[in-house]
Structure formats: C-alpha cells, structure tokens
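# no FASTA, just this:
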C-alpha cells in the first residue's frame, strides 16, 4: 500500500507556503486492506472510494496508473504526489509550471470530464494572483463553454466555488478569467458583454464595466460579503441603453433586482442575495452622503442596518469612488438608533412609523448643526 500527500498540499509545501488542507491518495490496496490498516476510517465516497480519517481525506485513484491519475487532475501545479519516503511523483509540466508560476490544465480532457473545473481554475487565479493563466488554460476553458458543458452544472456547485473565490487574496481574478475565457454565460450572463461597456464617462472611469468591477472586488479583499457587494454594485450598468453610454442613469435601481437574481441563480444564501441588492441599490446614494437630507440618511441607514451590511456598504463606496463616509455614517447611525418615541406615540400603526422617522431626521439635523 502506498499513501501519497496529494494536490495543493504538495504545491504549497514546495512553495514554502502554509498548508491549510491535506488530501491523500492511496494506491496498491483494496478498500478492505485500507480499513484493516486504518480501522477508524469511514468510507464516504459514492462514485470512487474516499475515506475520512481524523478529518483527513484519503482517496483511491480514478485511473489505474498513477501517471493517468495525475493527468486527470485540474491543473499541473496540483498534479503532484509526495510519498511517505519524501519522493515526488508529478505531471511532466508540474515543476516547470510551479517555477514559472503558471496555471495550466493537467489535460484538456480533465476539464471536459469535469466542467466545474472552469470555475475552480478561475478561483485558483484569485487564490494565487502571482501565477499567470497559460493560454492553454484559457483555450481549454473556452472549449468547455463553447461545447455547452457549463449550463448543466449544479447551480449550488457554481455557488460554492464563487463563495470560495470571494475569500481569496485577489477575488477580482475570478471574474477576470471567466470573462477572458468566455465563460460568463450562463451563470454570470449579466456580465457577458461587460467588457464592451464603458464603466462611465472620463475622467471618472478609464476602463470597462467588468474590469472596474474586478478592481473594486480586489480592493475589498478580506471581507467576503463586501466583495460580493462589489461584484454586484454596478451590475445594472450591463443593461444600460446603448444610446446613453457612457452614462449609466439609474443603474443603481436597475441593478438591485439583477443582483438578487444572480445570487439566487447560483444558490447563494438569502444574506448574500440581500447584500448584493443593497450594494447595487445604495452605493450611489451613499457616495453623496454629506449632501443627503436627514430623512434620506435615516431611510438608508436603517435599511442597511436591518440588512446587516452598513459597514460593508461604506467600504464598497470607498473602494468604488474613493469617498470615505464611514466615520460620519457610524455616528449618525448611533444617533438614529438612540432616537425613540415615548410611550404615548407608540403602537399607532403607520403613524408611529412616520413620527419615528421624523424624530430621527430631526436628531440628525440637530447633530449636523453642532
């Protein structure tokens, strides 16, 4: 029986980076022989034998030969095995690609056999921004899309890869690579033509909608929910009538429903659907925070507070338009939440709501005069 450390753990070990996940490949043994050696293991695989032991995953190869198994992996830099004696077995291109920081498919067939690897490859560029996608990777991803293999993917699996990408060092690379490879449709179809749509008039914007979106996402790295809001904030610009470009009037209001639709299409949580909606809906208004009337501030702050995305929204505004209003907004929110009706004005239905809003607006107006 041979037990190999496999995949990304070997890559990170050779790069001198922290190893977060350890997966193992088992060869030269049957299921029974494995369980005899590791009696506390538990089989969880359905299609192929996979065992869990102390939180670690031990898989049996899908291919008979180890060399074939390596070619069935996603990327060459993940197609490496380290045995118990410290000997390395790898794909012919693994070490060269690791040295040159190149993302290349282990084989074209591995992507055609498992089209979800399109999204996994995009996520890896987001996770490893110092690497460069090889032309062969872009072409292979495009082939998968052109063959119509992306549409049948389970929506929740696309969503899971997206959630992981939101947590990476350069999350904008996720959309960048999907766009470069022609893989935005059908799951991110709103952005399909975004590379051909100006983000806005000069001098405010110097790039297209997709690249602007990716830059904002990168600026928000470290806060997955804020990154998702960054992905969604300008989605309404993709539906702007061509005759008014490069302006994008009312894109924030158009984008709210579009962001919600995208989140639900890839089976993200209700919290993500709501956050994306609020990011699109309020980012333009919040950018003018100091100019807003007290009543408008109350409406926006309470909506964001109840949606639990106030801090993320103002982080988005800072990344999008270089306008940092968070300190003032946080103080205003504290004032708003501290304003309460007395007992005699409560429980009057909509009238109580109107009076409370007026009271809060007056409190903000009074604070701004100090």
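Yep, it's here. Please read these numbers as outputs of a predicted model, since none were measured by experiment. Numbers count the residues shown, from 1 in each chain.

# List of residues touching the strand or helix carrying residue 313?
Assigned by DSSP states H and E, residue 313 falls within helix 310-321. Contact with helix 310-321 is made by 216, 219-220, 223, 225-226, 229-230, 233-234, 275, 278-279, 282-283, 286-287, 289, 301, 304, 323-326, 329-330, 333, as judged by CB atoms under 8 Å, 6 or more residues apart in numbering. The way it works is simple: take the backbone N, C-alpha and C, and place the C-beta from them, glycine included.

# same deal with stretch 241-261?
Identification of contacts with stretch 241-261 by CB under 8 Å, 6+ apart yields 190, 197-202, 205, 232-240, 273-274, 276-285.

# swap the cut-off to 7 Å and go again
Stretch 241-261 is contacted by residues 190, 197-198, 200-201, 232, 234-237, 239-240, 273, 276-277, 279-281, 283-284 when judged by CB atoms under 7 Å, 6 or more residues apart in numbering.

# where in the stretch 1-150 of the chain is pLDDT low?
The stretch 1-150 of the chain contains residues with pLDDT under 70 at 46-47, 62-64.

# Without its sequence neighbours, what residue ends up closest to the residue positioned nearest the centre of the chain?
By CA atoms, centre = their mean, the chain has its centre lying nearest to residue 166, at 2.8 Å. Leaving out its chain neighbours, the residue that sits closest to residue 166 by CB to CB, 6 or more residues apart in numbering is residue 224, at 4.1 Å.

# Need the pLDDT of the one you found.
Reading off the confidence values, residue 224 has pLDDT 98.

# Distance of it relative to residue 156?
Distance, residue 224 to residue 156, using CB to CB, to the nearest Å: 17 Å.

# So if I had to pick from these two, which one is more boxed in?
residue 224 (18 against 11; other CB atoms under 10 Å).

# The residue nearest to residue 220 when sequence neighbours are not counted sits in which helix or strand?
Nearest non-adjacent residue to residue 220, counting by CB to CB, 6+ apart: residue 226, 4.4 Å away. If you go by DSSP H and E, residue 226 is part of helix 224-232.

# neighbouring contacts of that helix?
Here helix 224-232 makes contact (CB under 7 Å, 6+ apart) with 166-167, 171, 175, 213, 216-217, 220-221, 255, 259, 262, 272, 275-276, 279-280, 309, 312-313, 315-316, 319.

# That one: what's the following helix or strand?
Remark: after helix 224-232, the chain's next helix or strand is helix 251-265, criterion DSSP H and E.

# which residues sit in contact with residue 349?
Contacts for residue 349 (CB under 7 Å, 6+ apart) come out as none.

# Give me the distance from stretch 274-289 to the chain's centre.
Centre-to-centre, stretch 274-289 and its host chain are 19 Å apart (CA atoms, centre = their mean, to the nearest Å).

# Mind listing what's buried along it?
Using 16 or more other CB atoms under 10 Å as the test for burial, stretch 274-289 gives 274-287, 289.

# what does it rub up against?
Against stretch 274-289 from outside (CB under 7 Å, 6+ apart): 225, 228-229, 232-233, 235-236, 252-253, 255-256, 259-260, 262-263, 300, 304, 307, 309, 312-314, 316-317, 320-321, 323, 325, 328-329.

# can I assume residue 159 is in contact with residue 269?
No - if you go by CB atoms under 7 Å, residue 159 and residue 269 don't touch, sitting 8.9 Å apart.

# Between those two, tell me which one has more neighbours.
Neighbours of residue 159 and residue 269, each counted by other CB under 10 Å, are more numerous for residue 159; the result is 20 against 12.

# can you pull the contacts of that one?
266-268.

# Which pLDDT value goes with it?
At residue 159, the model reports a pLDDT of 98.

# what about the helices in the stretch 251-370 of the chain?
Listed in chain order, the helices found in the stretch 251-370 of the chain under DSSP state H, counting those that start in this stretch are 251-265, 270-287, 294-307, 310-321, 326-338, 350-368.

# ok, of the ones you listed, where does mean pLDDT dip lowest?
Among those, helix 350-368 carries the lowest mean pLDDT (a mean of 88).

# Report the buried residues of that helix.
For helix 350-368, by 16+ other CB under 10 Å, it's 356-357, 359-361, 363-364.

# Between all of these, which two are separated the most?
Farthest-apart pair in those is 356 and 364; separation 12.9 Å (CB to CB).

# Phi and psi next, for residue 198.
Torsion angles at residue 198 (phi, psi; degrees, to the nearest 10) stand at phi -60, psi 140.

# shouldn't it be in contact with residue 208?
Yes - Residue 198 is within contact range of residue 208, at 6.1 Å (criterion: CB under 7 Å).

# Wait, a helix at residue 153?
No - counting by DSSP: H, G, I helix; E, B strand; the rest coil, one finds residue 153 to be coil, located in no helix.

# For it, list the residues it contacts.
115-116.

# can you pull the buried residues of stretch 259-267?
Of all the residues in stretch 259-267, those buried under the rule 16+ other CB under 10 Å are 259-260, 262-263, 265-267.

# Tell me how far residue 16 lies from residue 75.
Distance check for residue 16 against residue 75: by CB to CB, it reads 19 Å.

# for residue 171, same thing?
Distance, residue 171 to residue 75, by CB to CB: 19 Å.

# Residue 147 now?
Between residue 147 and residue 75 the distance is 20 Å, computed by CB to CB.
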